[in-house]
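A.B. asks: Give the three-dimensional model of this entry:
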Amino acid sequence: MKKYFLALIVISLTVFQTQAQDYKVIHVNGTIVAQSTKSNLARGTAFGEKEKFQYKSDGARAVVINTKKGQRYILKGSPADAGYHNANLTPSAGNISSRAGGLNNRLDLRNHFDGKYVILGELKVVINSSAFPMDNDHFFYINYLYQGESINKRLSFNGDTLIINKDSLLRVDGKPIRNEDITEMKLYYYSKVDGKVTPTVVSSTFYPVFPEEAALKEEVEIVADAMKGQSDTEIVNAIASYITDVYGKSNKENVAHWYHANF
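C.D. replies: Model prediction:
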């Protein structure tokens, strides 16, 4: 009988601990150690709300999700104190760039194509064709430096839709190159009227980011699993927001297309 009760207690504790692990890690920057396991946090690590952490590198942080509520949080702390501390969880909500139907002038374009801009596969953006027609004499192109060489990449289009494709943009002399090897990227609009060519800088701060898709799929799967039962729109919004938090500004339509094609 005594052994029976001991076994029952062990089972009860195991069930409790399993149920208490309401948080799961999606992405980690730096080194964060969980007190209960003395192990570094990694994608997929589960932990409970009473877990304590030690931050071993400057700027260390993790993006985690509550698997019961579907709410995303940022876990971060300071490595100045070498001890373990209660989880410092801050609700996370990244900004999303929605459909670009309102890109009517240069200011709209500069604001839209600003900073790190995540592109999943292929980005399609509608641009006002009266203000920025696209044809053989009018088109957008990107200029960047690669190993000290200035590279111009003409961007594709279909009617009033600008298209940015990873495979064509990140390719020099027929060979693929790495995203991180590109510097000083600028977006231009080329216009040729009566033989006169006018290249205009649209944005000098535009930097397309192409996340590693295998890792991103694993991260998105964690988010989607935690949000089972919620609407497709809510899940896509959460994924777009997460991408903005971790990689850079995301475009909701681009994210939705990629998500539906892969999940």
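A.B. asks: domain parsing for the protein?
C.D. replies: Per automatic domain parsing, the structural domains of the chain span 2-91, 94-263.
A.B. asks: Return the mean pLDDT over the last one, rounded to an integer.
C.D. replies: Mean pLDDT, taken over the full extent of domain 94-263, equals 92.
A.B. asks: if I look at residue 67, how far off is residue 45?
C.D. replies: 12 Å (Cβ to Cβ, to the nearest Å). The way it works is simple: take the backbone N, C-alpha and C, and place the C-beta from them, glycine included.
A.B. asks: more neighbours, the two?
C.D. replies: residue 45 (20 against 17; other Cβ atoms under 10 Å).
A.B. asks: ok, and the closest non-adjacent residue to that one?
C.D. replies: Distance criterion Cβ to Cβ, 6 or more residues apart in numbering; nearest residue to residue 45, sequence neighbours excluded, is residue 25 at 4.3 Å.
A.B. asks: Bridged to the one you found, which residues?
C.D. replies: residue 64 (DSSP bridges).
A.B. asks: okay but it is in contact with residue 62, surely?
C.D. replies: Yes: look at residue 25 against residue 62 with Cβ atoms under 8 Å: they come within range, at 5.3 Å.
A.B. asks: tell me, what's touching the two both at once?
C.D. replies: Counting by Cβ atoms under 8 Å, 6 or more residues apart in numbering, the contacts common to residue 25 and residue 62 are residue 41.
A.B. asks: Measure how buried residue 68 is and give me the count.
C.D. replies: Using other Cβ under 10 Å: residue 68 sits among 10 other residues.
A.B. asks: so it touches residue 22, yeah?
C.D. replies: Yes: under the criterion of Cβ under 8 Å, residue 68 makes contact with residue 22 at 5.3 Å.
A.B. asks: May I have the phi/psi pair for residue 232?
C.D. replies: Backbone geometry at residue 232, expressed as degrees, to the nearest 10, gives phi -60, psi -40.
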